[in-house]
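J.: for reference, the sequence and a predicted model appear below.
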Amino acid sequence: MRYGRVIAGLIALIASTSTVSAQTQGTVEVEPFGSITHLDHITSQKWPDNLGAGGSVGYFVANRWEVALSGEGRTWNLPVDNLYAHLIYNIPFAKHGTFSVGAGVVRGLVHQQHTDTVPVLHPGSNPTPPNCSPILTGQANAEWIHCPYYTAAVEHSEPIGSEWGPSGIVSVRYGTWIGVKVSGLYNYFPDPQAQYIGRAGVSIEFGGHHAAKPNQDSLLAVWTAQDRTRLAIVVYRERCDSVRKALAQAQAALQAHLAQDSIDALVILDTPVHFDFDKSEIRTNDATLLDEKIVIFQKYPTINILITGNTDLHGSFAYNDRLGLRRAASVRAYLIAHGVDANRITVESHGKRNPVINSLDDNASRINRRDEFKVVVAE
């Protein structure tokens, strides 16, 4: 039960970690692991003699490219050990997964298999005859003298030296800075002798060079007021250009009613008026612009107009909807007071939903506080 809690806690720790594993240049990976080994041409390998343990240290020489040094030891009749050097490429998958494939070299202890014939006490000799004397005491199958016995073939292996050979590794890792890693290795020695090795361990990554993500707010913070004003003017001009293009259809309809010089009149009708912060009163310079619009209304009686009130991004949606409607109504009242038929004017409010510049900057706010005009040609 205690080990179950430890394993469950480890899984929860890995699953709850939100930082993505780096695996960038300079990252270091440390992995303690357990292993299980199968050696070709040796048939008497038994559980748990083929189990072992080891460790690995890797360094990312470039993004996703890792140089790993590792070693492992086992016991199977005699100690066995391998030392590795691998170049590994890591491929991310899912949210926190990594698939790795690599190749390198291995220095391993090479074994040679032997079959010996030894005398074994016959199972029927019980109790032990008084004249029997054990030669190999302390072993399960001891050789006895002056006892009934039979011969048996026993396979075992002996180390005959160390050799170098090629090695391949395939791994799957899941986790962030700490994760679970499972690997499979294939080693080949010219003896010939091949090894198939499985590993399972805990991988820990730290260090690395993390590229800072550009922050739009931090970039805007270093701009001067003049830079922001220039940006606002550029964006506003682009917005006006897009509005003029959208009025192309209305311009075509106006050609049937207006003379060739009416294009200037259409630009005047399309030009917005602006307001002070949280105000709906018409300013003096905007009143002059409205007077120019009134002249065009009087000259072309088939033109109707839709006035849309807009606000800056300060305040709630509900408040700005009301403020935008008051601004549109204020302009409508001015036009009616100067002789324009009320039936030719429609008003609506977009509040703060349709800014020219999506910013709380003072220059942007001055441009966003406006009434826009859409020309409608009567049937």
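T.: That came through, no problem. Residues are numbered from 1 along each chain as shown.
J.: now what about stretch 346-361, what contacts it?
T.: For stretch 346-361, contacts defined as Cβ atoms under 8 Å, 6 or more residues apart in numbering pick out 228, 231-232, 235-236, 239, 304-315, 317, 320-325, 327-329, 331-332, 363-365, 367-368, 370, 376. Heads up, the C-betas are built off the backbone N, CA and C, glycines and all.
J.: how does it look with 6 Å?
T.: For stretch 346-361, contacts defined as Cβ atoms under 6 Å, 6 or more residues apart in numbering pick out 228, 232, 235-236, 239, 306-311, 313, 317, 320-321, 324-325, 328-329, 332, 364, 367-368.
J.: do the same with stretch 364-379
T.: So stretch 364-379 is contacted by 232, 236, 250, 253, 269, 272-275, 302, 304-310, 312, 327-328, 331, 355-357 (Cβ under 6 Å, 6+ apart).
J.: re earlier: of the contacts of stretch 346-361, buried ones?
T.: By neighbour count, with 16 or more other Cβ atoms under 10 Å, the contacts of stretch 346-361 hold 228, 232, 235-236, 307-311, 313, 320-321, 324-325, 328-329, 332, 364, 367-368 as buried.
J.: for the stretch 151-300 of the chain, which segments are assigned as helices?
T.: For the stretch 151-300 of the chain, the helices defined by DSSP state H, counting those that start in this stretch cover 216-221, 225-246, 248-254, 262-270, 284-299.
J.: low-confidence stretches in this protein?
T.: Applying pLDDT under 70 to the chain flags the ranges 1-22, 39-49, 74-80, 109-161, 191-193, 209-228, 242-244, 246-263, 377-379.
J.: care to break it down by domain?
T.: Taking automatic domain parsing as the domain assignment, the record places the domains of the chain at 18-109+160-207, 216-377.
J.: Ser330 versus Tyr59, what's the distance?
T.: 70 Å (Cβ to Cβ, to the nearest Å).
J.: neighbour-wise, which of those two wins?
T.: Using other Cβ atoms under 10 Å as the criterion, Tyr59 and Ser330 rank with Ser330 on top: 19 against 15.
J.: what angle sits between the helix or strand harbouring the more buried one and helix 284-299?
T.: Secondary structure assigned from DSSP states H and E places Ser330 in helix 317-337. Helix 317-337 runs at 60 degrees relative to helix 284-299, counting by axes from the mean of the first three to the mean of the last three Cα atoms, to 10 degrees.
J.: any idea how far Val180 lies from Asp276?
T.: Distance, Val180 to Asp276, by Cβ to Cβ: 63 Å.
J.: which of these two has more residues huddled nearby?
T.: Neighbours per residue (other Cβ under 10 Å) separate Val180 from Asp276, with Val180 holding more: 15 against 10.
J.: where do the strands sit along the stretch 51-200 of the chain?
T.: For the stretch 51-200 of the chain, the strands defined by DSSP state E, counting those that start in this stretch cover 51-62, 65-76, 78-93, 97-121, 133-134, 144-145, 149-175, 178-189, 193-207.
J.: pull out the buried residues from the first one.
T.: Looking back up the chat, that one is strand 51-62. Those would be Gly52, Gly54, Ser56, Gly58, Phe60, for strand 51-62 by 16+ other Cβ under 10 Å.
J.: export these to TSV and tack on distance to Glu72?
T.: Formatted as TSV, the buried residues of strand 51-62 follow (distance: Cβ to Cβ, whole Å):
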residue	distance to Glu72
Gly52	5
Gly54	3
Ser56	9
Gly58	15
Phe60	22
